[in-house]
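Enquirer: All I have is the shape, not the residue letters:
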């Protein structure tokens, strides 16, 4: 059992351009696209807070001011709602402001996910931290991040989240070559392969956008040359840590079998919105009924 400090901080990279959602993201950050009645970024921040991480650093870029505005106070709107006695909407508006202590730093040059994580070095310091990517929304009923934090505390290394995918789809993901650890519900990662050919994939375990990292990742990222796409890849740094022994060495994986909503492209985003809306208390029953009627009218 390691005596490493407990994870307290979350880093959320949010500097991407969102080109897959153009023209909707021409003037609005993709992280602000609504998922039912909240922007996607709020689900991610809420997940961090639910896991006890109320110190959040967002890595942003140009045209991302809306992110800061969303988590800031809006006194005029709040007073208007208070005067109307609309306590439900007032509470919803104030919730985003009260989630936690949120900080912002710009990435500057768009040099990849690894570079974005490296920009968090000064804020994070010499302690383990979580990284949450906004394309993956994890259902609040499934404590994936809490489990990963527990594994990091136990192993002292870095931890990634994995899901099982159909073998023929593994080439769309980073893939883990892993070893089972007797008596444990997590695995040891031997190697990470970025988007392998189906025939070359070491497993059907795909990496998704949740990480709990040892601070030694910063030193590795500082010495990681640009890789795929001429960007500094977090996967390359994790590959280095996976082969290290001693403090901060080792990468482990938690296989997630819970509810995950992918917002990474237009079709998966629409599926996420419909799924969450169908499960909501206020919209679910009516929407499910309407969907049944609508789909019944479609040509066979």
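Expert: Arrived safely, thanks for sending. Note that the coordinates shown come from a computational prediction; the quantities given were computed from them, not determined experimentally.
Enquirer: Show me the domain layout of the protein.
Expert: Structurally, the chain divides into domains by automatic domain parsing as follows: 9-264, 265-300.
Enquirer: give me the number of residues near residue 82?
Expert: Counted with other Cβ atoms under 10 Å, residues neighbouring residue 82 total 11. Glycine gets a C-beta too; all of them are placed from N, C-alpha and C.
Enquirer: same question, residue 133
Expert: 19.
Enquirer: related to what we said a few turns ago, ranking the domains of the chain by burial, who's on top?
Expert: Neighbour counts (mean count of other Cβ atoms under 10 Å) averaged over each of those peak at domain 9-264, with a mean of 18.
Enquirer: ends of that domain, how far apart?
Expert: Using Cα to Cα, to the nearest Å, one end of domain 9-264 lies 24 Å from the other.
Enquirer: any chance you could map the strands in the protein?
Expert: 9-13, 34-35, 38-39, 55-60, 101-106, 129-132, 136-138, 158-164, 174-180, 187-194, 205-213, 251-255, 260-262 (DSSP state E).
Enquirer: Now render those strands as JSON lines, adding distance to residue 240 and mean pLDDT.
Expert: Shown next, in JSON lines, are the strands of the chain (distance: least, Cβ to Cβ, whole Å; pLDDT from 0 to 100):
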{"stretch": "strand 9-13", "distance to residue 240": "19", "mean pLDDT": "97"}
{"stretch": "strand 34-35", "distance to residue 240": "35", "mean pLDDT": "95"}
{"stretch": "strand 38-39", "distance to residue 240": "35", "mean pLDDT": "95"}
{"stretch": "strand 55-60", "distance to residue 240": "21", "mean pLDDT": "96"}
{"stretch": "strand 101-106", "distance to residue 240": "24", "mean pLDDT": "95"}
{"stretch": "strand 129-132", "distance to residue 240": "16", "mean pLDDT": "98"}
{"stretch": "strand 136-138", "distance to residue 240": "24", "mean pLDDT": "93"}
{"stretch": "strand 158-164", "distance to residue 240": "11", "mean pLDDT": "95"}
{"stretch": "strand 174-180", "distance to residue 240": "15", "mean pLDDT": "89"}
{"stretch": "strand 187-194", "distance to residue 240": "10", "mean pLDDT": "89"}
{"stretch": "strand 205-213", "distance to residue 240": "12", "mean pLDDT": "94"}
{"stretch": "strand 251-255", "distance to residue 240": "9", "mean pLDDT": "95"}
{"stretch": "strand 260-262", "distance to residue 240": "27", "mean pLDDT": "91"}
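Enquirer: Distance to residue 242 added to those strands, as TSV?
Expert: Shown next, in TSV, are these (distance: least, Cβ to Cβ, whole Å):
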stretch	distance to residue 242
strand 9-13	20
strand 34-35	33
strand 38-39	34
strand 55-60	24
strand 101-106	28
strand 129-132	16
strand 136-138	21
strand 158-164	8
strand 174-180	9
strand 187-194	5
strand 205-213	12
strand 251-255	4
strand 260-262	23
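Enquirer: Tell me the pLDDT of residue 230.
Expert: Residue 230 is assigned a pLDDT of 79 by the prediction.
Enquirer: contacting residues for the closest residue to residue 61 other than its chain neighbours?
Expert: Of all residues not flanking residue 61 in the chain, residue 15 sits nearest, at 3.6 Å (Cβ to Cβ, 6 or more residues apart in numbering). Neighbouring residues of residue 15 by Cβ atoms under 8 Å, 6 or more residues apart in numbering: 59-61, 64, 106-107, 110, 116.
Enquirer: 10 Å instead, please
Expert: For residue 15, the contact set (Cβ atoms under 10 Å, 6 or more residues apart in numbering) comprises 29, 31, 58-64, 105-111, 113, 115-116, 119.
Enquirer: got a pLDDT number for it?
Expert: 89.
Enquirer: Kindly provide the distance from it to residue 113.
Expert: 10 Å (Cβ to Cβ, to the nearest Å).
Enquirer: Name the residues contacting each of those two.
Expert: Contacts common to residue 15 and residue 113, judged by Cβ under 10 Å, 6+ apart, are 59, 107.
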